[in-house]
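Chemist: when you get a sec, could you give me coordinates for this:
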Amino acid sequence: MITDVMRNSNSEREVFFLLSTYIDAVRFGDRFQLLPESVTTLPLNQSDEVRARLGRLLHELDAASRNLDDHYCEVLREAVHVFGTALELLIKLERRQHALQAA
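Modeler: Numbers count the residues shown, from 1 in each chain. Take a look at the predicted model:
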């Protein structure tokens, strides 16, 4: 899965590349356009954007769960996992960069 590859990334650039690749795959493979356009729009190059999109996905997942829409929940859970992993790694890489600059 893309998150496994993402976890081995050593730079923000790699994380954004992999996240953008995931978004492209979802956009072109999603015949029903289940994920909101506000989540799948590119380019994506700031961790704040990833955080905001993850928030939108969580909101959508909550609504889909309430509506008992299992298929949509499955799609959203995957996207939450990918965006969450990307955000976690971006925060880790940013902290590492700040620590290097401080040293």
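Chemist: hey, let's count contacts and neighbours off CA atoms from now on
Modeler: Will do.
Chemist: pLDDT weak spots in this structure?
Modeler: Low-confidence segments of the chain (pLDDT under 70): 32.
Chemist: give me the number of residues near the residue lying closest to Asp70 once chain neighbours are set aside?
Modeler: Take Asp70 and drop its neighbours on the chain: the residue closest to it by CA to CA, 6 or more residues apart in numbering is Ala64, 7.6 Å away. If you count neighbours by other CA atoms under 10 Å, Ala64 ends up with 17.
Chemist: assign Ala64 to helix, strand or coil.
Modeler: With DSSP: H, G, I helix; E, B strand; the rest coil as the basis, Ala64 sits in helix.
Chemist: pretty sure it contacts Cys73?
Modeler: Yes: between Ala64 and Cys73 there is a contact under CA atoms under 8 Å: 5.9 Å.
Chemist: so who does the residue nearest to Asp70 touch?
Modeler: Contact analysis of Ala64 by CA atoms under 8 Å, 6 or more residues apart in numbering lists 70, 72-73.
Chemist: among these, which lie within helices?
Modeler: Residues of the contacts of Ala64 located in helices (DSSP state H): 70, 72-73.
Chemist: looking at the residues you listed, state which has the most neighbours.
Modeler: Busiest of the ones in helices among the contacts of Ala64 [other CA under 10 Å] is Cys73, holding 19 neighbours.
Chemist: which non-adjacent residue is nearest the residue sitting nearest the centre point of the chain?
Modeler: By CA atoms, centre = their mean, the mean C-alpha position of the chain lies nearest to Phe83, the distance being 1.9 Å. Excluding its sequence neighbours, the residue lying closest to Phe83 (CA to CA, 6+ apart) is Leu54, at 5.9 Å.
Chemist: Glu60 now?
Modeler: Leu76 (7.5 Å).
Chemist: how far off centre is the strand or helix carrying that neighbour?
Modeler: Element membership for Leu76 (DSSP states H and E) is helix 70-102. In terms of CA atoms, centre = their mean, to the nearest Å, the centre of helix 70-102 is set 6 Å apart from its chain centre.
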